[in-house]
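Colleague: Structure, please.
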Amino acid sequence: MDILFLLIPLSVILVMIIVAMLAWALHTEQFDDLEHQGELIFEEEELAERADKLRAEAARKQAEQQESLSLGDADPPPAVAVTRVDLRQRKVNDSTA
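Modeller: As a prediction, the model looks like this:
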């Protein structure tokens with residue numbers, strides 16, 4: 001009977017943790033778009049093509065900047081560093097334009 005004094009508070013704490021996790025998932029919109037995650041596997045090739053295009057564009061810009069620096073321009077353009085490309089966000093922006 002003494003074990004109930006331990007098990008009941010532990011079960012209440014466990015329930016509160018589960019409710020907190022569910023509230024976090026709802027607050028961070030984890031359940032808003034259930035179909036899109038299943039469709040991502042079909043968009044893999046399209047995302048790879050977009051990434052290749054963006055990398056080629058960044059390489060071309062960098063080559064142009066290096067060329068302009070070697071020509072001795074008085075005011076060189078600012079350096080552009082591509083560290084991370086969020087292709088899904090770009091796709092959303094492309095569709096709204």
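Colleague: neighbouring contacts of the helix or strand hosting V15?
Modeller: For V15, the host element (DSSP states H and E) is helix 4-27. Under the contact criterion CB atoms under 8 Å, 6 or more residues apart in numbering, helix 4-27 has outside partners F31. From N, CA and C alone the C-beta is placed, and that goes for glycine too.
Colleague: where's that helix relative to the chain centroid, distance-wise?
Modeller: Its chain's C-alpha centre and that of helix 4-27 lie 30 Å apart, by CA atoms, centre = their mean, to the nearest Å.
Colleague: chain center to the helix or strand following that helix, what's the gap?
Modeller: Downstream of helix 4-27, the next assigned helix or strand under DSSP H and E is helix 34-39. From the chain centre to the centre of helix 34-39 is a distance of 15 Å (CA atoms, centre = their mean).
Colleague: so what secondary structure elements neighbour the longest helix seen in the chain?
Modeller: Under DSSP state H, the helix in the chain containing the largest number of residues is helix 44-70. The contact analysis (3 or more CB pairs under 8 Å, 6 or more residues apart in numbering; DSSP states H and E) places helix 44-70 against helix 87-96.
Colleague: mean confidence score for the helix it packs on?
Modeller: Averaged across helix 87-96, the pLDDT comes to 53.
Colleague: Kindly report the same for stretch 18-27.
Modeller: Average pLDDT, stretch 18-27: 94.
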